[in-house]
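In: I need the structure of the sequence given here:
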Amino acid sequence: MAKPTGGPGKQRTVGGTPPKGPANGKARQGAVSTDLTVTPVPIMARRPGAAGLRNITGADTAWFGPLDPLPALVPDATGRQFDYRVASNINLMPRAEEAISFYELRGLADAYSLVRLAIETRKDQLCKMQWTIKPFEPNVEADSRCDDLEAFFASPDKRHNWQEWLRMLVEDLLVIDAPCVYYHPNLGKKPFAFEIMDGATIKLLIDIYGRTPMPP
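Out: Model prediction:
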C-alpha cells in the first residue's frame, strides 16, 4: 500500500488508485445494474416418439434445478410385474423390502401365547388325521406302488416320522407363510427324501420384468 502524498489541501492517492470525481461517480453509477431478477428456464418434456421416451430438456440449465433424469430404459413387449428397487437382486436378505421380516413373524408366534396356542392346536389336528394312498379311480385296487409310497411317507426325510415332519412343515406354513421342501434324489434320480428347508433363508431373484425366471 502506498503512503498518502500531498498536503492538507491536496487530494491523496492510496494504492495508486485515482480519486473518484463527480463525473466519474455519475458514470459509474449509471453503469452498474441493480437488476437481480433470475429468469426462470422453461422445462419442457418431449413426447414419446419413435425412439422412445426422452429426457426432460432444459432442467439442467436452471438455477438449482432438478437436473435431467436418467434415460428411460423400457423393456420391450411388456412392463414390470411390480415396482421393484434398482439392484434388488444384490440384496441377499429375504423380505428386505417388506415392512415385516421373517424374524418378526417368528418372534410374534413365539412371544404371543394365543398365537402359539392356535398354531399348535392346528398342528395337533392335522397329525391326528388318518391317511392312506390309493388310486384315484374307485374301481382300481391298490398295488405295490401304493405300499411303497406309504412306506416312503412314513419317514419323508429319513430322519423324522410323518407326524414330526408334518409339524415342521405346518410351522413354516402358518408362521412365515414360506414352507419349503427340498426334493433329494438318489444316484438313480429317483426320490430319496423330502427334506424340510428354512424358507426364511431363501431369496427369490427376479428378472427385468419383475418375475421369477424359469429354470435353469
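In: For the rest of this, base every contact and every neighbour count on C-alpha atoms.
Out: Fine.
In: gap between residue 191 and residue 145?
Out: Here residue 191 is placed at a distance of 13 Å from residue 145 (CA to CA, to the nearest Å).
In: can you check residue 187 too?
Out: For residue 187, the distance to residue 145 - CA to CA - is 20 Å.
In: Pick out whichever of these two has more residues nearby.
Out: residue 145 (12 against 8; other CA atoms under 10 Å).
In: looking at this, the more buried one is in a helix?
Out: Yes - under DSSP: H, G, I helix; E, B strand; the rest coil, residue 145 falls within a helix.
In: Excluding residues flanking it in the chain, which one is nearest residue 81?
Out: residue 210 (5.0 Å; CA to CA, 6 or more residues apart in numbering).
In: nope, residue 202 is what I was after
Out: Residue 202 sits nearest to residue 94 (CA to CA, 6+ apart), 6.4 Å away.
In: Which pLDDT value goes with residue 197?
Out: You'll see residue 197 listed with a pLDDT of 95.
In: ok, it - contacts?
Out: By CA atoms under 8 Å, 6 or more residues apart in numbering, residue 197 lies in contact with 179, 180, 181, 182.
In: So the nearest residue to the third one once chain neighbours are set aside, which state does it fall into?
Out: Read that as residue 181. Nearest non-adjacent residue to residue 181, counting by CA to CA, 6+ apart: residue 196, 4.8 Å away. Following three-state DSSP, the label given to residue 196 is strand.
In: shift numbering so it begins at 51
Out: Done: numbering now begins at 51, and the last item shifts to residue 246.
In: ok, how many other residues are close to residue 220?
Out: 19.
In: The helix or strand where it lies - contacts with which helices or strands?
Out: Element membership for residue 220 (DSSP states H and E) is helix 212-225. On a contact count with 3 or more CA pairs under 8 Å, 6 or more residues apart in numbering; DSSP states H and E, helix 212-225 meets helix 152-161, helix 163-177, strand 241-247.
In: next structured bit after that helix?
Out: Immediately after helix 212-225, counting by DSSP H and E, sits strand 230-235.
In: how about that next one: buried residues?
Out: Buried residues in strand 230-235, counted by 16 or more other CA atoms under 10 Å: residue 230.
In: Now do that strand, average pLDDT.
Out: Taken as a whole, strand 230-235 has a mean pLDDT of 95.
In: Walk me through which strands it pairs with, and which way each runs.
Out: strand 241-247 (antiparallel) (DSSP bridges).
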